[in-house]
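> can't give you the sequence, but here's the structure:
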């Protein structure tokens, strides 16, 4: 059995109208992707597919948790995500991406593989900077040993005396 068999949506033979699907993206999903940076996750995906005569409208709702390393202390933590994305699928001669949210597939295609879309949407749901949330008492959720070490390594920036001399010259000219 293919690793992403459960992420194939049949489109041939579907009646016009709304169709609902539920998927669970977990550790096995990311293990099947060789280049995945994510290794642990549990995400519930609700897909609403609206089939029309000449196109499909897909609405993805993602909710769950992903284990990511903290960008400050490098300790792993579970980051909650909750996002939604829309995709419009049109039928045409060949496969092409018209836009970020418009996809053209051949008219003779009978199913739609969505695992690559789910992977992209999950990555897009993560912020650029991932840091432990603060504790209830307002302190950082990061590893205190690492934070203390970072504090020791913080260097006070001394101003180069040449810049000070140039600043004095500029002030005289003004």
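In hand now; what should we look at? Since this is a predicted model, take the numbers as computed values, not measurements.

> every contact and neighbour count from this point should use C-alpha atoms.
Noted.

> okay, how far is it across stretch 10-20, tip to tip?
From its first residue to its last, stretch 10-20 covers 12 Å (C-alpha to C-alpha, to the nearest Å).

> residues contacting it, please?
46, 47, 48, 49, 50, 51, 52, 53, 109, 110, 111, 112 (C-alpha atoms under 8 Å, 6 or more residues apart in numbering).

> so which residue is dead centre in this structure?
residue 123 (2.0 Å; C-alpha atoms, centre = their mean).

> what is the subsequent helix or strand relative to the helix or strand containing that residue?
Assigned by DSSP states H and E, residue 123 belongs to helix 115-125. As assigned by DSSP H and E, the chain's next helix or strand after helix 115-125 is helix 144-153.

> low-confidence ranges, the chain, go.
Low-confidence segments of the chain, defined by pLDDT under 70, are located at 1, 155-159.

> ok, longest helix in it?
helix 161-173 (DSSP state H).

> correct me, but residue 25 touches residue 45?
Yes. Between residue 25 and residue 45 there is a contact at 7.4 Å, judged by C-alpha atoms under 8 Å.

> now do the contacts for residue 147.
residue 73.

> so for residue 62, what's the nearest residue that isn't a sequence neighbour?
With sequence-adjacent residues excluded and distances taken as C-alpha to C-alpha, 6 or more residues apart in numbering, residue 62 is closest to residue 45, at 4.7 Å.

> that neighbour belongs to a strand?
Yes. Under DSSP: H, G, I helix; E, B strand; the rest coil, residue 45 sits within a strand.

> that one: neighbouring residues, count only.
When neighbours are counted by other C-alpha atoms under 10 Å, residue 45 registers 20.

> please apply the same query to residue 54.
10.

> for residue 49, same thing?
22.

> that one contacts residue 56, doesn't it?
Yes. Contact criterion C-alpha under 8 Å: residue 49 and residue 56 qualify, at 6.8 Å.

> centre of the chain versus the longest helix of the chain, how much separation?
A distance of 48 Å separates the centroid of the chain from that of helix 161-173, by C-alpha atoms, centre = their mean, to the nearest Å.

> contacts for it?
Taking C-alpha under 8 Å, 6+ apart as the rule, helix 161-173 contacts no other residue.

> and what of stretch 74-89?
Here stretch 74-89 has contacts from 55-70, 101-105, 121, 125-126, 132, 142-143, using C-alpha under 8 Å, 6+ apart.

> may I see the ChimeraX selection of the buried members of the residues you listed?
In ChimeraX, the members of those classed as buried (16 or more other C-alpha atoms under 10 Å) are selected with the following command:
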select :55,56,57,58,59,60,61,62,63,64,65,66,67,68,69,70,103,104,105,121,125,126,132,142
